[in-house]
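In: Here you go, sequence then predicted model.
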Amino acid sequence: MKAVLFDALRRFAPGVPFRLSVMDTDYFAKAPLETEGHGQYDLLPHNDTTTRDLWVATGEVSRLFGGETVPSREMFHRHGVHVERIAAASDEPRARFLDRVTEAWGWTGLVFTGSRRTLAGEIPLSGVRAKLIEQLRWGFGETAESLENAEGRARAHAVAETWIAEVEAYADTHPDASLTDLYRHLLPRLTAELNGPGAPVAENLEVGGSLEMFRFNRMTASGPQFELLDLFLRPDTRDAALDAYNDAVRGSNIYTMDRFAPGAIPFDLVVPGRGRGTLRIIPERIIIELEERIYLRIARPIESVHDLADAVQDGLGCRTSLVGKALTLIAMLARSALVTLNETGSNYVWRTRNMMDRLCERGISFSLYPIVRLLLPTWDTMGVTGHTLRLPDHLAQAFGTPTIPAQDFSERWKHVRNDARAILEEATHTDSPRATMEFLARHGSPEWRDRHADYEAAQNTLLDLRGRLDDLMRRSAVLRDELRRLKADSEAVARSQGDDYRCSVRPLREALWNLGARGLRETDGESAQVDFVPKGRETEVADLLLRLDTERRRRQSFVDEWQALRSRIAARQTDLRDLSRERAGLLRESRVTEAREQVARLQLESQAAQLEVVRNAWLTAEGLEHGDHRPAAWWLLLLDPSGAWFRELRSRARAYLEPLSCCYPPAPAAPLQVDALPSVNGLRSGCDCDEAAMEVAPS
């Protein structure tokens, strides 16, 4: 879609080359480690579970309205949806359910399951051909089916078959070509066809790849794209450059250099047939961190980009390429040219600016050209196609209709996007089942008004039950307190009885024993007696027996008191059992059981319904925004082969400059090797592309 700049270039800067470059030094894709199959090409969706770690560089296709916008579990949680709870209650297996609800809509990624470190430029077209055609047929076919009119669908399918035939023909005539060779072959024709059938290829369009752009040897080391590298090698700037890089990436998921092995710098070396690995420079050797590490011995310290180029070429030849990591890659490009990105392209640009600011603070002046940001009015201009569109389910809900004229879509999409954002914001405040059902009554199915009323009725039944249960619980608590008191009292009586026995009865019994009396009996209603009394001891024994009888009658009060307490304890335990049976009876009442089941069911169903509302709102808000910023050029070709949509989009596109350094960019020092407007010094911020004022430098 950077082709929107061609017309402005032709009119305001004739002769300035524009290069489209395939990033063939990037990894082709990083499939999840648990992906089935090894050494195969496959098409994968992107979700927040089984393909959470999926990353695709040069093999992604989105159908119309689709994109790699993943509704993550974190997003659902943020908007009041308990995904795991819903998954646990679902009839689907947990993994399948989570895959489905967190999957990006309308997107597929082409991956190689044999290695996560295979470079895009090393993917043979012959190997990936079948899956690529399958992917294109899916994307083209689903996009064509987005048209309501049968004639429009047929025309779109015909255009799709033309492009698939082009891919097949190139693959047949170039059996040794790579996938990125195919892309370079298609780009000129693709950019031309946007203007309509038979349109000529844009003047001064160059097509290449990053392998050649960043070719690193003695002949290319002087290029401006490697001047940043020189800062990381020169003794007087090395530490400042590393500090600036580390400061800029700190707090992100990008590693600071101290997390690598010693001597690492934020650049990778691409070795043909071996892959891409971090450069490390230590005394007496260079190390390239590939799957099979490469060691290069050096005769002298590496203190400049030319020293490094000499060592790399002597050890590995002149076909290697050297690319920066994230922040440094952007700076390498912008050192020599204007890089063109859509409005949301690249998450690293602001960190690159921070790195350059840190360098300036350390007294290192290093100027970069600004980024040219493109604002593409994709949906605003769609109405010129004249089609009636079939909307996917989430957009049909958002627009309130399954089909819509393209002109109406153009006029309404921003309002619909904003409404979806408002729904998401409102969802963050649904912190209770009632709030969820009130939310659904406004934004879900109309039946949730009645279901909310059913929920309130069931809750009132349970509240009435709760009141009765609370009363039973209060009565039970009183009984349990009394039971504790009675048991404590009975235990105290038993202890007192025992203490009294040891003080008053045991001494008398022991005295009888000492006198020789045997067979002592103490029975209720009778005096204490013995079976044998030694001669001469009758009077003493009789006296002791009389005293024992007196103690027995006195101690009967202990027994009476203890039995009374045990009787009261038994009565209270009976009362507690009666209350427990009454409580169980209340809980078993059919109306109570039904109310409890209804509350639980409605709470779960409301969560499931909120999941769908939030998911649809997220796909609508994020999907429309993403598609507007980053449309696929072939959407325009299939829906409007005449080129009217593209020309309208181009005429209303906007561009602005995003500075990358505080220094004014100098004229390039060498022929430019990047996707850029190489000798343009200025583009009026926020201007219309048809009226863009560009000043061409003398060089």
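Out: Perfect, thanks for sending it. Numbers count the residues shown, from 1 in each chain.

In: only C-alpha atoms for contact and neighbour calcs from this point on.
Out: OK.

In: any idea how far residue 173 is from residue 537?
Out: Residue 173 sits 136 Å away from residue 537, going by C-alpha to C-alpha, to the nearest Å.

In: show me the contacts for the residue nearest the centre of the chain.
Out: Of all residues in the chain, the one closest to the mean position by C-alpha atoms, centre = their mean is residue 72, 4.4 Å from it. By C-alpha atoms under 8 Å, 6 or more residues apart in numbering, the contact list for residue 72 reads 47, 48, 102.

In: hmm, try it at 10 Å
Out: 47, 48, 49, 52, 78, 83, 98, 101, 102, 103, 104, 615 (C-alpha atoms under 10 Å, 6 or more residues apart in numbering).

In: One more: residue 438?
Out: 430, 432, 444, 448, 449, 451, 452, 606.

In: Kindly reformat these as CSV and extend each row with pLDDT.
Out: Below are these laid out as CSV (pLDDT from 0 to 100):
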residue, pLDDT
430, 90
432, 88
444, 83
448, 87
449, 86
451, 85
452, 84
606, 91
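
In: Give me the subset of those residues lying in helices.
Out: 448, 449, 451, 452, 606 (DSSP state H).

In: hang on, residue 597 packs against residue 454?
Out: No: the criterion here is C-alpha atoms under 10 Å, and residue 597 misses it with residue 454 at 11.9 Å.

In: Tell me which of the two has more neighbours.
Out: residue 454 (16 against 13; other C-alpha atoms under 10 Å).

In: Could you check how far the residue of the chain positioned farthest from its centre is from residue 516?
Out: Ranked by distance from the centre of the chain (C-alpha atoms, centre = their mean), the top residue is residue 536, with 104.3 Å. Distance from residue 536 to residue 516, counting by C-alpha to C-alpha: 11 Å.

In: quick one on the thing from earlier: separate out the buried members of the contacts of residue 72.
Out: 47, 48, 49, 52, 83, 98, 101, 102, 103, 104, 615 (16 or more other C-alpha atoms under 10 Å).

In: Output those residues as TSV; include the columns secondary structure and pLDDT.
Out: Shown next, in TSV, are the buried ones among the contacts of residue 72 (DSSP: H, G, I helix; E, B strand; the rest coil; pLDDT from 0 to 100):
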residue	secondary structure	pLDDT
47	coil	96
48	coil	95
49	coil	94
52	coil	92
83	helix	94
98	helix	96
101	helix	96
102	coil	97
103	coil	97
104	coil	97
615	helix	97
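
In: Name the nearest of those residues relative to residue 644.
Out: Proximity of the buried ones among the contacts of residue 72 to residue 644 (C-alpha to C-alpha) peaks at residue 104, which lies at 30.0 Å.

In: Now do the contacts for the closest one.
Out: Contacts of residue 104 (C-alpha under 10 Å, 6+ apart): 45-48, 62, 66-72, 619, 623.

In: In contact with residue 521, which residues are there?
Out: Counted by C-alpha under 10 Å, 6+ apart, residue 521 has contacts 527, 528, 529, 530, 531, 545.

In: wait, residue 624 sits on residue 68?
Out: No: between residue 624 and residue 68 no contact is recorded; they are 11.6 Å apart, counting by C-alpha under 10 Å.

In: quick one, strands of the stretch 201-350 of the chain?
Out: Remark: strands assigned in the stretch 201-350 of the chain by DSSP state E, counting those that start in this stretch are 205-209, 264-271, 275-282, 285-289, 294-297, 321-324, 339-342.

In: Out of those strands, which is closest to residue 197?
Out: Between the strands of the stretch 201-350 of the chain, strand 205-209 lies closest to residue 197; by C-alpha to C-alpha that is 18.3 Å.

In: what are the pairing partners of that closest one, and which direction each?
Out: strand 18-22 (parallel) (DSSP bridges).

In: got a list of contacts for the strand it pairs with?
Out: 2-3, 5-6, 9, 58, 120-121, 180-181, 183-184, 187-188, 202-213, 338-340, 672-678.

In: Outside of stretch 236-252 itself, list whatever touches it.
Out: 228-234, 254-258, 264-266, 303, 326-328, 348, 350-364.
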